[in-house]
Structure formats: structure tokens, C-alpha cells
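[1] Dropping the sequence and predicted coords here.
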Amino acid sequence: MSEEKSLNFIEEIVEEDLRTGKHGGRVLTRFPPEPNGYLHIGHAKSICLNFGLAQQYNGKTNLRFDDTNPVTEDTEYVESIKKDIQWLGFQWAEELYTSDYFETLYSYAVELIKKGLAYVDDSTAEEIAAAKGTPTEPGVPTPYRDRSVTENLALFADMRAGKYKDGEKVLRAKIDLASPNMHLRDPLLYRIKHAHHHRTGNQWCIYPMYDFAHGQSDSIEKITHSICTLEFIPHRPLYDWCIDKLEIFPSKQYEFARLNMTYTVMSKRKLLQLVNEKFVESWDDPRMPTISGLRRRGYTPASIRNFCDKIGVQKRENMIDVSLLEFCIREDLNKTAWRRMAVLDPIKLVITNYPDGQIEDLVGENNPEVEGGEGSRIIPFSKELWIERDDFMEDAPKKFFRLGPGLSVRLKHAYIVTCNDFVKDENGKVTEVHCTYVPNSKSGEDTSGLKVKGTIHWISVPHAKEAEVRLYDRLFNDENPAAAENFKESINPASLHIVERAFIEPDLANATPGKGYQFIRLGYFTLDTHSTPEHLVFNRTVTLKDSWGKEVKKNG
Ligand code: ATP
Ligand code: MG
């Protein structure tokens, strides 16, 4: 980081703990995903925060799969999560699973029962909810609250042994039915669920609730700073209560504002719907805000880390403009992307005075942004070229610095050409533009003395490779789709535009997914992961400029 930055509130807490020697100078954070979906850009914020803190203060970060809900979890998700974290550039100290602690958590629950701090309740979910009261009215005990320790121990053992059906009984903490904090009104600790678990199989039919699993897992691992999002603030007293009553390692919970981004939904549940209902192709569809989608789209790890750094860590909910994410990838690709030419909407340009059959191998630097250009590639030039249809106008207005009858333009890396003529088909559509070139105007060795205002890109017809090019727009038209009753109503029907037959430089046949290319004047692109040598597919990562910002200004 170049500029001096003041500490965020979590860094302040960590530094204070280091100063007072609270954990003997130790910093151990964790990233605790539930393996029920792919990671999204919101998770990246949490990853950068947790792993970043550890890096900053010589600490470590555990990766803990919070797998207490057997129904929605899957090993496919575990693998994708690991891949995404590593791709972002982070490495965990230990790979752990809450399910590894099931036996310990069970013994903790037994301990609470023995201390008279937990009881088995036979009430239905509705009965429990009704007896809980409201924020303004205290709850009332259910008939099971004062069961004896012996009875509770026996019933809890029977729950584990599989004597009861789902929902027949629960284990609850015995705290305070009048607490102003609803989470302390005898919260559920265990529920019965006869379901196959992706790691423990059929070994268990009772599963700990988040509130009983999370803090205790932190404590088992001796996590020093357990960082989560703001909605867990009301859970914190319960987090502390469990640790206090069990007299185990005192991990502490700290909360920060989750990432919300315009034109984006972030919850895994909603993203799963987009996949299942085929609004997108898959979890890694380049329009998805998932890490895997962003990767396939052409985002770099550095751009995402930089984005997370820029948005910072707040204590209050806010909404980040998605343009900031786009700014970060543009900033990165402008420095790193290799320059190439591609024509998306081709029209043929014939240079009438260029010798038939002549080919020139022009040379173009890969990356003019760095010294030495990172090498160069050959760009074949010949008599017939593809140019963009909208670089020609039959009746060009005054400020049109491209081609039209009588107009001159420079062909990038090549010559100045002047348009003399054009050909139309029977529908009046222009099919060919005829030009003459100025032989001594070649880029780099131009002695013509001519000045032209515009430069256009092109591809030599006999050398052109074909590719499918996918142009993406925002997946939602609504700035805050998640706030709507049905977020799917604002899905942008034009979020994907496919150019089936674009022409690209021959060198682009060597492209690899993840390597960024600037197709000059068109944007930044990368090879799609499903591309094949027989059918090349490129994804547009982002346009060269923020066209949306301009739209908004124009219309607003
Ligand atoms: P979702 O609602 O998308 O399913 P989640 O919070 O249930 O998210 P988890 O897998 O439980 O997802 O989250 C792992 C970690 O990532 C948690 O610590 C969580 O607080 C954090 N996290 C999730 N979403 C965001 C977000 N939008 N911004 C910041 N952190 C997030
Ligand atoms: Mg969750």
C-alpha cells in the first residue's frame, strides 16, 4: 500500500490486544463458510479481512467449514471454496470442519445440562415460538423447562440414539425468558435431523445450531478474533454466555458491515435460484458475483483484493457502487493486459492499390504500458481487411474521424488509407469499402507528412481467426434487486449479447483463460474456460470506460 492509511476499527482492536498482551501476542482468525454454495464477492471481503489481518500481524487464519446443516451442504462446494480462496492469494493454516467437533460439542451440551443450564423441550416449533413472547412481552416457560438434570440427560442421550423423529424434541439453553434480547430467551442448541451428512454420514441424527456450534468451535481452535457480519451482534451475548458457562477458551466476536453492491444479489440462496432456474448458465457464469464467475469473466485476484482494500471495513451497513469493482479491474488490466485487435461487427475493406497477394508481417508490442512491451507479436497485413461496420459512414457528419467517402484514417500499426468508394448489396447494406493506402505512411516509419485524426483497428481477411465473443451487461436492472419482493423480476433480459462470428488476430489462438487482453477500442477480454481450439470463445471482462456512469449522467 502506497498511501498512509489510518487503522480500521478491527485493526485498532487487534493492536490494542497486542499491546496489552491479551493472547500472548497471538492473532488467529478464521474464515467460516458454510459449504452450501459458491463464494461470492461478499465473502471476498471477509476473506481479505480475516487473512489480511493475520498477514499484517504475523498471525494465522483457519479455514473452517461450518457444516452443521446436513441438508444443504455438499463436497462440491467445499472444493470450490478452497480453490477460490487460494486463487485470491491466501493460504489457511488449518482446514477444519465444525463436524469434526460434533463429539466435543455434544459433551459441551451434556455439561450445560449437568449445570442445570439446558433442557430437552418436547414442544413444537410453533409452541416454542408462541411461548417466547415478543420484544415487548416476556416469554413464558413451556411445561418442560423444569425437567430434572437426570431426565434431561436421559432424553438428550435418546435424542442422539435416534429414538425420536425430526422436530419431536429439541435441546434448549435455560437462560432468561424475559431477556430483552430474544436470542437469550432459551435459544435452541440442538435439533433432530435424520439426514445424511457430507462428512459424518449417518453417524448423527442431532445437529448443533449455529449459536451453539460457532463460538464453541472458535474456542476449540483458540481463535483470538472471530469476525463476522453485523447481523450477529444480537447473537454475541449468547456467544459469550456459552463460553462463560462452559469455562472454555474466551474467543471474542467482532462485527463489521457486510458488502452490499448495486445491481447485485449476494445471498447464496438467491444465487442458487438463478442457477437452478436457469437465469444463468452455472455458478461460474461470468455474470454472477461469485468468485468463480468473476474469475471466468476475467477479473484478477489483485483487482478483487484491491477492491476489498478500497471499500474498507465499516461498522454500518452501506451500499457499494458496482462501478468501483469495475474501476478496480480496469485499473489492473490497463497495466497488465496485452493489446490485441478484434473486429466484432465486420465489414470488408479492400485496399485497391495494395499489391495482390502481398503480405506484411507488422509487429505490435504486447503491452505498451510497460518498458520493453513484454515482447511483441506479428500482425499480418494484406490487401483485404475486416474493419468494424460502424467505423464507416456513408454520410459521415463533420466530426466523424473514421471512414467515409473521401475520409482518411490510420489503420493501427499500419498505413493511412483514404476511402474512395464503397459497394452495397440489393438491400442497400454496405458490404465493401474501397480505399487506397499511402505507401510511405507506415506506423513507425511514416515520412508522408500526412495528419489524420482517427485510428481504427482491423484484421487481415486471409489471416483472421474466428471466435465467439460474449458481451455482458448487468444481471439486474434494479439498483437494489434484493430489496424487491421478487428479486428475479428485475433480471436484465439483455445481460448477455453473443457475437457469434467475430474476427480476431491469429495470435489470439494462443490465449489462455485468465490472461487479460485489451481488444483495442472494444474493452478487456479473456478466453472463456469452455473455449476450445476449434471454437474459440472470449468473454468481455469490462468495457474500456464506464459507459454506465455516463448513461446515468446523461439521463439523470
Ligand atoms: P449468504 O447469505 O450469502 O449465504 P452467509 O453469511 O450465509 O452468506 P457463510 O458461508 O455463512 O455465508 O459466510 C462465511 C463468512 O463470510 C461469514 O463470516 C460471513 O459473515 C461472511 N460473509 C458472507 N456474506 C458476506 C458479505 N456480503 N460481506 C461480507 N462478509 C460476508
Ligand atoms: Mg450462513
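    Nice, thanks for sending it over. None of these values were measured; they are calculated from a predicted model. Ligands and ions are numbered 1, 2, ... in the order given.
[2] going forward, measure contacts between C-alpha atoms and count neighbours the same way
    OK.
[3] Contact partners for Met167?
    I think there's a mix-up here, since residue 167 is Gly and not Met. Thr124, Ala125, Arg191, Ile192, Lys193 (C-alpha atoms under 8 Å, 6 or more residues apart in numbering).
[4] If we use 10 Å, what do you get?
    Counting by C-alpha atoms under 10 Å, 6 or more residues apart in numbering, Gly167 touches Asp122, Ser123, Thr124, Ala125, Arg191, Ile192, Lys193.
[5] That one belongs to a helix?
    No - under DSSP: H, G, I helix; E, B strand; the rest coil, Gly167 falls outside any helix and is assigned coil.
[6] quick revisit: in strands, which of the contacts of Gly167 appear?
    Among those, the members found in strands (DSSP state E) are Arg191, Ile192.
[7] Can I get the buried part of the contacts of Gly167 as one ChimeraX selection?
    Per 16 or more other C-alpha atoms under 10 Å, the buried members of the contacts of Gly167 correspond to this ChimeraX selection:
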select :122,123,191,192,193
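[8] now for stretch 391-411, what's the gap between its first and last residues?
    End-to-end span of stretch 391-411 (C-alpha to C-alpha, to the nearest Å): 11 Å.
[9] According to the record, where do the domains of the protein fall?
    9-256, 268-297+315-338+467-555, 346-457 (automatic domain parsing).
[10] Show me how far the second one is from its chain's centre.
    If I follow you right, that is domain 268-297+315-338+467-555. The chain centroid and the centroid of domain 268-297+315-338+467-555 are separated by 11 Å under C-alpha atoms, centre = their mean, to the nearest Å.
[11] nearest residue to Tyr190 other than its sequence neighbours?
    Excluding its sequence neighbours, the residue lying closest to Tyr190 (C-alpha to C-alpha, 6 or more residues apart in numbering) is Pro208, at 4.4 Å.
[12] Just give me the neighbour total for that neighbour.
    23 (other C-alpha atoms under 10 Å).
[13] Quick check: it vs Ala509, distance?
    Using C-alpha to C-alpha, Pro208 is found at 53 Å from Ala509.
[14] what's the closest non-adjacent residue to Pro346?
    In space, and not counting its chain neighbours, Pro346 is closest to Glu388: 5.0 Å by C-alpha to C-alpha, 6+ apart.
[15] wait, the one you found sits on Asp345?
    Yes - if you go by C-alpha atoms under 10 Å, Glu388 and Asp345 touch, sitting 5.3 Å apart.
[16] For Gly116, give me its contacts.
    Taking C-alpha under 10 Å, 6+ apart as the test, what Gly116 contacts is Val110, Asp146, Arg147, Ser148, Val149, Thr150, Asn152, Ala173, Lys174.
[17] among those, which ones are buried?
    Neighbour counting by 16+ other C-alpha under 10 Å classes Val110, Val149, Asn152, Ala173, Lys174 among the contacts of Gly116 as buried.
[18] Counting only helices, which of those make the cut?
    Val110, Val149, Asn152 (DSSP state H).
[19] after the one helix or strand Thr431 maps to, next one along is what?
    In the assignment (DSSP states H and E), Thr431 maps to strand 430-437. With elements assigned by DSSP H and E, the helix or strand that comes after strand 430-437 is strand 455-456.
[20] Give the other helices and strands that that following strand contacts.
    strand 408-411 (3 or more C-alpha pairs under 10 Å, 6 or more residues apart in numbering; DSSP states H and E).
[21] by contact count, what packs against the strand it packs on?
    Against strand 408-411 (3+ C-alpha pairs under 10 Å, 6+ apart) you get strand 416-424, strand 430-437, strand 455-456.
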